[in-house]
Every structure is written in structure tokens, then in C-alpha cells.
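[1] Fold the stuff below for me.
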Amino acid sequence: MDPADFEFDFDLLRELTETSGVPGYEQRVRDVLRREFDSHADAITTDAMGNLVATIEGASDYSVVVAAHMDEIGFMVKHVTDAGFLKLEPLGGWDPRILRAQRVTVHTDDGDLPGVIGSSPPHTLDDEELSKKPEIEDAYIDLGLPSEAVDERVAVGDLVTMDQETEIVGEHVSGKSVDNRVSVFALVEVARRLDTPPVTVHLAATTQEEVGLRGAEALGADSDADLAISLDTTIANDVPGFDSENAVTRLGEGAGIKLKDGGVITNRKVNRRLERVATAEEIPVQREIMVAGRTDTANLQRAGGARPAGAISFPTRYLHTPVEAVHYRDVEACLDLLVAFLESETGENDYTL
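    Now for the predicted structure:
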């Protein structure tokens with residue numbers, strides 16, 4: 001497909017997904033967001049956790065916080081061997097099976113270095129080595145440099161991200177850190193589209209979700225918002241090897257309305273209003289029940305006290321890999337639903353249970 005056919009800014013989505021930002025080190029993503037929010041928000045603030053909040057003042061004191069985590073899974077260098085290879089500490093949940101023969105970027109104080117995660121040729125391995133279960137601690141990065149050069153340029157604590165361009169594959173957008181930059185992108189799109197909302201809207205890009213929802217916990221405790229909406233990717237196991245009942249969501253069938261995940265049962269009244277808005281605006285949606293995994297929704301719902309919370313999810317294939325994929329129609333549906341929900345939120349809806 002041609003990006004010109006999309007009803008959203010593909011170039012910005014690509015920039016956000018290709019920008020590095022592992023848990024606790026999201027500053028490059030924050031810089032992009034400050035630039036994009038600057039001409040649309042009434043105020044932009046950050047906190048000691050690195051959460052960034054862009055506020056659009058509404059006509060009433062009632063406020064809604066819309067949150068999306070901006071960190072991606074990655075690594076930290078934990079050891080440099082005598083031979084100049086790098087050993088890794090994971091930041092977030094990795095499947096070791098996908099790490100072999102991947103290109104990576106090592107982020108050092110002196111600049112970024114390209115590297116590869118090594119993998120031995122199979123014809124040099126015996127049966128025991130071939131059948132060995134892969135482990136993250138067995139992975140190492142080869143920078144293609146002499147050990148002396150590596151010692152000079154790389155230090156323990158330097159960060160590592162996957163090296164992957166974001167591409168259009170058929171009707172899908174595929175790349176690394178689609179989880180959750182597609183939702184961070186949605187925050188910017190909302191800021192562009194909202195015109196004098198009836199209530200105040202806080203668009204929050206949170207930190208350290210991939211290591212325990214930490215930024216959202218701090219935000220939830222500090223925020224005095226009356227309503228919370230979380231944005232995140234969700235599983236789309238609509239691929240070979242999975243039964244229909246385990247698909248969770250399907251690409252191309254619309255925005256996900258989260259009913260539960262491993263950390264939250266969302267507010268029933270918020271869910272129903274999301275569905276009513278979708279029906280009125282003819283926006284395709286699908287109900288989402290994710291049996292494992294948690295999202296920022298949990299901490300927004302209860303950190304600092306009880307708060308009505310709902311979530312809009314972007315159906316995504318191949319989560320936590322360098323080829324995560326979303327369908328362009330689902331992106332459009334999520335954006336349309338979120339904007340329509342916020343534009344119709346008057347602060348007079350009763351979400352108490």
C-alpha cells in the first residue's frame with residue numbers, strides 16, 4: 001500500500017517506532033513527543049520517572065488521562081568479555097529463540113554502534129548443542145571490532161535495541177517497538193485532532209511499562225484525573241498454530257476494547273460507552289480478553305485510589321519480536337474511537353459501579 005492511502009501520519013509512526021527508548025531511558029522518544037506536542041498542547045510536563053504529560057484544557061474541570069507507554073523491550077550491557085563480546089541483561093520480556101542472528105544497535109556515550117547477536121553455523125554443532133534450549137544468557141553481541149576498541153567505546157550499562165526498519169507489508173505496518181509506539185503515536189494524533197474538548201485531556205506517555213508498569217504507577221498516584229483510558233497493543237494470534245478461541249483479537253477487524261488482562265478487569269460502564277460510541281460512529285471494534293500479560297490500565301485504575309478505567313487496544317501480531325505488525329485499518333479504528341470518545345465525554349457520565 002501507499003502511505004498516502006492511510007488516514008494517519010505514517011512518517012511519524014515510522015519515526016517513533018525506529019527511535020530507541022528502553023525502560024528507564026526513553027529520552028529520545030520524549031524529545032520527539034515534545035516536538036510534536038509543542039503546537040497542540042496547553043502545557044507539557046514531566047516527572048521524576050520520566051512520564052511526559054501533554055494537557056489540552058477543556059471547558060470543565062473534569063479531566064481524563066489517556067496513557068500509553070513509550071518504552072520498548074531491549075537490553076543493557078552487563079559484561080564485556082576479554083575478547084570484546086558483549087553479554088546482556090534483558091529489559092523486558094524476550095523469547096530467546098528469536099535472538100540468534102539479529103542485528104542490534106549498542107547505544108554508548110560516544111554514539112551508536114552496529115552489532116549482531118552471534119549464532120554458530122549448525123553444521124559445526126553436535127546433536128546435544130543443536131537440541132539445547134536457547135537462553136538469553138547464552139546470547140552475545142559481536143561488534144566486529146578488536147577487543148581494545150570495544151573496551152574504549154563500550155561500558156557496562158550501555159543500552160541495546162534491535163536494529164529494524166518499519167515497513168509496509170501488504171496492509172500491515174511492521175517493525176520493532178510497534179509495541180507500544182503505535183499507541184504513543186495515537187496520543188499525538190489525538191492532540192492534532194481534538195479541538196476544544198468538553199473536558200480537560202491529559203495525554204500521558206509513560207515509562208518502564210515493560211519492567212512492571214512502573215511509570216503508570218507513579219502517574220496514577222500523582223494524577224487527579226476523574227477517568228483513565230489506557231492505550232496499548234494486544235495479542236493477535238490469528239496465525240497458523242493457534243485455535244480460533246486463542247486468537248484474542250484478529251487483524252483488520254477493528255479496535256480492541258479490553259475487558260480484562262492479567263492485571264485488570266476494566267470498568268464495565270466505560271466499556272459499554274466505548275461500544276456505544278463505536279456503534280454511533282460506525283467504527284469496527286472487537287472485545288478483547290487477554291488471559292496473560294499486564295498493561296498500564298491496572299495501575300491507572302487503582303494507584304492513588306479507585307478510578308474508572310478502560311482501555312483501547314491495537315491488535316498486533318508477533319509481539320515482542322522485531323517484526324511486530326498492525327493492520328492499517330485497526331490503527332484508523334483505534335484513532336477514530338479514541339477521538340470520538342473524548343469529544344463526547346462531558347464529565348456527566350456515571351461510571352460508578
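
[2] Can you classify residue 174 by secondary structure?
    Under the three-state scheme (DSSP: H, G, I helix; E, B strand; the rest coil), residue 174 adopts strand.

[3] I meant to write residue 55 there.
    Three-state call for residue 55 (three-state DSSP): strand.

[4] ditto for the one 10 residues further on
    Secondary structure assignment for residue 65 (three-state DSSP): strand.

[5] mind listing what the residue nearest to it when sequence neighbours are not counted touches?
    Spatial nearest neighbour of residue 65, chain neighbours left out: residue 225 (3.8 Å); criterion: C-beta to C-beta, 6 or more residues apart in numbering. For glycine as for every other residue, the C-beta is placed from the backbone atoms N, C-alpha and C. The contact partners of residue 225, by C-beta atoms under 8 Å, 6 or more residues apart in numbering, come to 63, 64, 65, 202, 307.

[6] per-residue pLDDT, residue 225?
    Turning to residue 225, the model gives it a pLDDT of 96.

[7] Could you check how far residue 167 is from residue 318?
    Going from residue 167 to residue 318 by C-beta to C-beta, to the nearest Å gives 13 Å.

[8] So for those two, which residue has more residues nearby?
    residue 318 (17 against 12; other C-beta atoms under 10 Å).

[9] If I follow the layout properly, that one ends up in contact with residue 324?
    Yes: counting by C-beta atoms under 8 Å, residue 318 touches residue 324, with 5.3 Å between them.

[10] Find residues that contact each of those two.
    Among the neighbours of residue 318, those also in contact with residue 324 (C-beta under 8 Å, 6+ apart) are residue 174.

[11] just to revisit the earlier point, make CSV out of the contacts of residue 225 and add distance to residue 208.
    Formatted as CSV, the contacts of residue 225 follow (distance: C-beta to C-beta, whole Å):
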residue, distance to residue 208
63, 23
64, 23
65, 17
202, 19
307, 20
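
[12] which of those residues sit farthest apart?
    Farthest pair in the contacts of residue 225 (C-beta to C-beta) is 202 and 307. Separation: 12.6 Å.

[13] before we move on, the earlier item: any shared contact partners between residue 167 and residue 318?
    Common neighbours of residue 167 and residue 318 (C-beta under 8 Å, 6+ apart) are residue 174.

[14] any idea which of the contacts of residue 225 is the one closest to residue 220?
    Nearest to residue 220, judged by C-beta to C-beta, of those is residue 307 at 7.3 Å.

[15] dump the residue contacts of the closest one.
    Residue 307 makes contact with 220, 225, 226, 227, 228, 300, 301 under the criterion C-beta under 8 Å, 6+ apart.

[16] tell me the SS of it?
    With three-state DSSP as the basis, residue 307 sits in coil.

[17] now do residue 107
    Of the three states, residue 107 takes strand under three-state DSSP.

[18] which residue packs closest to it, ignoring adjacent ones?
    residue 159 (4.4 Å).

[19] Ok, residue 261 next?
    Once flanking residues are discounted, residue 261 sits nearest to residue 290: 4.1 Å by C-beta to C-beta, 6+ apart.
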